[in-house]
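# Can you look at this prediction? I've put the sequence above it.
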Amino acid sequence: MGTVEVRVSAARKSYGNTPVLDGLDLEVGRGEFLVVVGPSGSGKSTLLRVLAGLEHLDAGEVAWPASENEDRPAIGVVFQQPLLMPWLTVRENVALGGRYRANHGRFARSDVDDLLERFGLAELADARPARLSGGQAQRAAVARAVAVRPRLLLLDEPFSALDPATRHALQDWLRELVAQLELTVVLVTHDVDEALYLGHRIALLDGSGTVAAEWTGTPPQDRSELQALPTRAELLARYRTDVPQGAR
Ligand SMILES: Nc1ncnc2c1ncn2[C@@H]1O[C@H](COP(=O)(O)OP(=O)(O)OP(=O)(O)O)[C@@H](O)[C@H]1O
């Protein structure tokens, strides 16, 4: 791995008596597309919230070795629902992402229009979110997150609320976008095929509270190749489908 953007070391987090992260170590390299996959309840969202600074660890640390001179590195987060402000236009929603950093001279209105263009939303710039399809709304949410020029883009099941055709279209779109903008991404999903199609590295959380296994490799060009991937069989074999609550 080249430059390490963020490093999670010996992370521990419990809710009540249930440990969710139990000595977890993970590094994300600059420009990497890491997918964290695992069954429901394995701690994926908790890990993402920890990376986003939305959740404190009970023990362990999150370090940003390449951003030591910044107060706090910019992080973009997208959740399963787009969470756009209904009373603002698409342009205003996307601009919200950058507004907080405007004082640092990092952001201009033309940046928003460039982003809208790149995201295929230019024609909808003055529309309210209610007019958008699910896929368009989620693209606007990603645009808002990218508008902060994030060191790290965090995506928590961003496509799982969409119908399969839209989900596939957005996966293709995201692959291209991430390559073009050279983003560093951590995406969380319970969908093994989404992980294999998007991730250059896949980390499996299996309910043990640590990274149970990792795979590295270039994703297939075509979705039809997914079924035959040896990694898929291996991943599914290790994928525990249920993590009983409080069982550990
Ligand atoms: N704020 C909270 N308070 C109490 N328990 C929580 C809280 N957040 C998560 N948990 C519990 O921690 C465990 C891990 O949750 P988390 O959401 O991180 O898992 P996940 O892998 O993202 O699951 P899913 O795919 O269902 O979103 C679950 O048992 C969940 O119920």
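Thanks, I have the structure now.

# All the strands of the chain, residue numbers only.
Using DSSP state E, the strands found in the chain span residues 4-15, 18-29, 33-37, 59-63, 75-78, 152-156, 185-189, 201-205, 211-216.

# If you drop the residues flanking it in sequence, what lies closest to residue 232?
Leaving aside its chain neighbours, residue 232 sits nearest to residue 196 (5.8 Å; criterion: CB to CB, 6 or more residues apart in numbering). In this view, the C-beta of every residue, glycine as well, is placed from N, C-alpha and C.

# The one you found against residue 219, yeah?
Yes - Residue 196 is in contact with residue 219 according to CB atoms under 8 Å; the separation is 6.4 Å.

# Around the ligand, which positions in the chain sit nearby?
By the rule CB under 6 Å from any ligand atom, the part of the chain lying against the ligand is 15, 20, 38, 40-46, 190, 245.

# which of residue 196 and residue 219 has more neighbours?
Here residue 196 and residue 219 are compared on neighbour count by other CB atoms under 10 Å; more neighbours surround residue 196, at 23 against 20.

# Which residues are in contact with the more buried one?
Residues near residue 196 by CB atoms under 8 Å, 6 or more residues apart in numbering: 202, 219-220, 226, 229, 231-232, 235.

# likewise residue 9?
Residue 9 is in contact with 25, 60-63, counting by CB under 8 Å, 6+ apart.

# Serialize the residues you listed to CSV and add fields for distance to residue 155.
Below are the contacts of residue 9 laid out as CSV (distance: CB to CB, whole Å):
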residue, distance to residue 155
25, 21
60, 23
61, 23
62, 18
63, 22
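
# From the residues you listed, pick the one nearest residue 84.
residue 62 (28.0 Å; CB to CB).

# From what I see, the closest one and residue 49 are in contact.
No - assessed by CB under 8 Å, residue 62 is found out of contact with residue 49, at 11.0 Å.

# first to last residue in stretch 205-223, what's the distance?
One end of stretch 205-223 sits 24 Å from the other (CA to CA, to the nearest Å).

# in terms of contact, does residue 220 touch residue 200 like I think?
No - in this structure, residue 220 is not within contact of residue 200 by CB under 8 Å, at 12.0 Å.

# neighbour-wise, which of those two wins?
Neighbours were tallied for residue 220 and for residue 200 using other CB under 10 Å; the higher tally belongs to residue 200 (17 against 13).

# what's the spacing between the more buried one and residue 36?
As judged by CB to CB, to the nearest Å, residue 200 and residue 36 stand 13 Å apart.

# Just the ones of the residues of the chain next to the ligand in helices?
Judged by DSSP state H, helices contain the following of the residues of the chain next to the ligand: 44-46.

# For this protein, give me the ranges with low pLDDT.
Where the chain drops to pLDDT under 70, the residues are 1, 98-109, 240-248.

# which other helices and strands contact the lengthiest helix in it?
Ordering each helix of the chain by length in residues (DSSP H) puts helix 164-181 first. Applying 3 or more CB pairs under 8 Å, 6 or more residues apart in numbering; DSSP states H and E, one finds that helix 164-181 contacts helix 134-146, helix 192-198.
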